[in-house]
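> Generate coordinates for the sequence data below:
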Amino acid sequence: MFKACHKAILLAALVLFSATAVAAKPAFKLCWSIYAGWMPWDYAQQSGIIKKWADKYNIDIQFVQVNDYIESVNQYTAGGFDGCTMTNMDALTLPASGGVDSTALIIGDYSNGNDGILTKSADSVAALKGQPVNLVELSVSHYLLARALENAGLSEKDIKVVNTADADLVSAFTTPDVKTIVTWNPLLAEAQKQPGAKTLFTSAQIPGEILDLLVVNTVTLKKHPELGKALTGAWFETLKTMQGDGETAKAARTQMGEAAGTNLAGFDAQLAATHLFTTPQLALAFTSSPQLKTTMQKVAEFSFNHGLLGEAAPSADVVGIETPAGVWGDSQNVKLRFSDEFVRLAANNQL
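Predicted structure coming up:
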């Protein structure tokens, strides 16, 4: 009787210990929204690649889709998630300028035609002078327009920006009153079907400036470097899986395309305008390049000129931006970091 009770107590203790050990496994939640360059994260979770890498480092990782892009970034900034997919401009103007120390763990790609200026009334960007241009104000579309005008010897004072919700841009472009829009795929591809539509300028003309990132809270990443290792390993395994014309690759891209509301052909068309860094070596070379620091200076100056760094921001360099090539901005207030630590491990097969 005593032995039976003793065994029962021991078994109960083991079960309790096991449950406690499982509960103690570090768990992380990241959010993402639909965009060609971010669809691999959803596939990585659905296919089990995320779980495989999380298990390797004895952690749990969950990706949560948020339908509204800006809302996803706001929820990350508010502490609702440990990481989030976002552009380089939004990483600076939302979490970083809001005081949340954030690390761009992975630069997945840059827009290479996924963003563009579309018109029915002009033959060149210079010919837009004096005309209204519809776009989502203060978005990367706004940044693209500013860079296009700069290249044409104009400024925003020479045109009239009309703030238009992304959900309304394509339908607005079908009306006689709206002659020029700036938007991103898949909206851009849809609007290009309109009779007389002409593409004046795309992100392919400013390569490497509109970046798509996976951003992780810096404090969390420093405390749990295993999170950075697992995410980086999962990312590059997913990219390898989706490359080429094999059945596995096509099936992966088909799944991503359907999740994004299109098909394989539509998704491949979007990928063609997305410069993916398909290997850790390519990602490492770009992240380590001095170009990144120069680009972020341009982004910071645009953001300051449009009041995106906060009303109290005294100058464009108020937020320090750390890159492998050096810091731009206030070195005593670094809040956005582009890290090559984990992608370097991947490049050297050390994950």
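> Hmm, residue 325 is touching residue 287, no?
No: Residue 325 is beyond contact range of residue 287, at 9.2 Å (criterion: C-beta atoms under 8 Å). In this view, the C-beta of every residue, glycine as well, is placed from N, C-alpha and C.
> More neighbours: which of those two?
residue 287 (23 against 16; other C-beta atoms under 10 Å).
> give me every residue that touches the more buried one.
For residue 287, the contacting residues are 107, 323-324, 338-340, 343, by C-beta atoms under 8 Å, 6 or more residues apart in numbering.
> element containing it?
Using DSSP states H and E, residue 287 sits in helix 280-288.
> Now find how far off-centre that helix is within its chain.
16 Å (C-alpha atoms, centre = their mean, to the nearest Å).
> Beyond it, next helix or strand please.
Following helix 280-288 toward the C-terminus (DSSP H and E): helix 290-305.
> then that following helix to CSV, C-alphas only?
In CSV, the C-alpha atoms belonging to helix 290-305 read as follows (Å, rounded to 0.1, in the frame of the first residue of the first chain):
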residue,chain,number,x,y,z
PRO,A,290,27.3,51.4,-47.0
GLN,A,291,24.3,52.0,-49.2
LEU,A,292,22.0,51.0,-46.4
LYS,A,293,23.2,53.8,-44.2
THR,A,294,22.8,56.3,-47.1
THR,A,295,19.3,55.0,-47.8
MET,A,296,18.2,55.4,-44.2
GLN,A,297,19.5,59.0,-44.2
LYS,A,298,17.2,59.7,-47.1
VAL,A,299,14.3,58.0,-45.4
ALA,A,300,14.9,59.9,-42.2
GLU,A,301,15.1,63.3,-43.9
PHE,A,302,11.9,62.6,-45.8
SER,A,303,10.2,61.4,-42.6
PHE,A,304,11.3,64.5,-40.7
ASN,A,305,10.2,66.9,-43.5
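> Can you flag which of the contacts of residue 287 belong to strands?
Within these, residues falling in strands by DSSP state E are 107, 323, 338.
> Could you report the neighbour count for the last one?
When you say that, I think you mean residue 338. Neighbours of residue 338 (other C-beta under 10 Å): 24.
> Any regions of the stretch 251-351 of the chain where pLDDT drops low?
By pLDDT under 70, the stretch 251-351 of the chain has no low-scoring segment.
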